[in-house]
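1. Predicted model and sequence below, questions to follow.
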Amino acid sequence: MENTAAEMPNIVMCKDSYEAVEGADAVVIGTPWNEFKQLDMERVRGAMRSPIMVDGRNIHEPDRMKALGFTYRGVGRGYNGNGSGA
């Protein structure tokens, strides 16, 4: 992170994923790393201003995310109008 901060001084660095979502209107997941698969999604939802998630790697289950209160879209899964994907 120190190297990135030196190269990109306008980027805000966070200590962890939970700090990164604090007050966020939406989250976009772009990696399948276990760190993001294993997040406490109730904690994530509680930290966000608006629990919207775009999952570019489909690492979360649409029905579970909807049950947790997220507006969830898994890229490439389609959309059937009920918020859970196709």
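-> Happy to help now that I have it. Residues are numbered from 1 along each chain as shown.

2. I figured residue 1 hits residue 15, correct?
-> No: applying C-beta atoms under 8 Å as the test, residue 1 and residue 15 come out as separate, 9.3 Å apart. (Each C-beta comes from the backbone N, C-alpha and C, glycine too.)

3. distance of the residue most central in space within the chain from residue 9?
-> Nearest residue to the geometric centre of the chain (C-alpha atoms, centre = their mean): residue 27, 3.9 Å. Here the criterion is C-beta to C-beta, to the nearest Å. By it, residue 27 lies 24 Å from residue 9.

4. try residue 41
-> From residue 41 to residue 9 the distance is 32 Å (C-beta to C-beta).

5. Out of those two, name the residue with the larger neighbour count.
-> More crowded of residue 41 and residue 9, by other C-beta atoms under 10 Å: residue 41, with 17 against 7.

6. Skip the chain neighbours and tell me the closest residue to the more buried one.
-> Leaving aside its sequence neighbours, residue 41 sits nearest to residue 68 (C-beta to C-beta, 6 or more residues apart in numbering; 5.4 Å).
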